[in-house]
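Participant: how would this look folded up:
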Amino acid sequence: MIVTSTWPFGQPANTAAWNVLANKGTALDAIEAGIMQCEDDPTVQSVGYGGLPDASGEVTLDASITDHLGRCGAVACLKRIKNPIRVARLVMERTPHVMLVGPAALQFAIEHGIPDTNLLTDDAAQKFAERKKSQPTSKGHDTIGMLAIDSSGRMAGGCSTSGLAFKLPGRVGDSPIIGAGLYLEPGIGAATATGTGEEMMRVCGAHAIIENMRRSMEPLDAIRDVLKRIHDRRGSEAGDVSFLALRQDGTHAGMSLWGKTNFKYAIRTATQDELVTPPVLM
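Facilitator: All right, here's what the predicted structure looks like:
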């Protein structure tokens, strides 16, 4: 069994997921529990409740989830729902679709018993007010991506974010896009992304990594290849890009395009609970 997730806030999320795995729960349930822990934490201002708003002052959330069969669900530009990962799973399990967006996604969530919630915390509102005065560089788009394997060898993955802080209203990044911010191929592995979503969307990053792994590349080499593609195409214009990959046998790897990103990922197994500082391309 293993669970791995992006950034230091992935450690408490991993703990919530591990509690499910340790009780013989499924990887899919572990992913939902772990990501919900992060979504519920108002101190994480790039995910869920307390996420920084868009340029209009509205908090909008994106999420996706996938199971060991490769089924997937996603929501984008979702307002007033604290746990978009729950809604993404409902889309996967209770509709014939992959993604719902905007007001229709909100209505779908409410119809399935998920409460309408004000997502803008006082702290986030204060930062929004300060931003309007000073126009600082946008920050706070550190997505939580989580990948897990349970005691039966089933794999699942999930991704959740409030997106780029102070983004143009209506902007959607890579997190809910299957193949960009999250992808799983049964029997091969899964990958997820964090950083500037536009970069991952331009190369279908998570899917490209898994295709590399399907062709027998090691997870780290598979990530390196995709990061090199991004750099070759975009050069110094490329934003923050980091990937995390997990192979079906439990081998994991992470890597960033830029060292300035200071990306770390959290890993949890029966014998390990720590943050890993992965290599960088540039």
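
Participant: all contacts plus neighbour counts: C-alpha atoms, from now on.
Facilitator: Will do.

Participant: low pLDDT regions in the stretch 51-200 of the chain?
Facilitator: 135-141 (pLDDT under 70).

Participant: the strands in it, which residues?
Facilitator: 61-66, 72-78, 99-101, 144-149, 155-161, 182-185, 189-195 (DSSP state E, counting those that start in this stretch).

Participant: Ok, which of those strands comes nearest Phe128?
Facilitator: strand 61-66 (16.4 Å; CA to CA).

Participant: quick check: angle from that closest one to strand 189-195?
Facilitator: With axes from the mean of the first three to the mean of the last three CA atoms, to 10 degrees as the basis, strand 61-66 and strand 189-195 are set at 170 degrees to each other.

Participant: out of the strands of the stretch 51-200 of the chain, nearest to Tyr265?
Facilitator: Counting by CA to CA, Tyr265 lies closest to strand 144-149 out of those; the figure is 9.5 Å.

Participant: List the strands paired with that closest one, with their directions.
Facilitator: Taking DSSP bridges as the criterion, strand 144-149 sits next to strand 2-6 (antiparallel), strand 155-161 (antiparallel) in its sheet.

Participant: any idea which of these is most buried?
Facilitator: Mean neighbours per residue, mean count of other CA atoms under 10 Å, is largest over the strands paired with strand 144-149 for strand 155-161, with a mean of 34.

Participant: Which elements pack onto the lengthiest helix in the chain?
Facilitator: Taking DSSP state H as the criterion, the chain has its longest helix at helix 219-234. Secondary-structure packing of helix 219-234 (3 or more CA pairs under 8 Å, 6 or more residues apart in numbering; DSSP states H and E): helix 197-203, helix 205-214, strand 241-247, strand 252-256.
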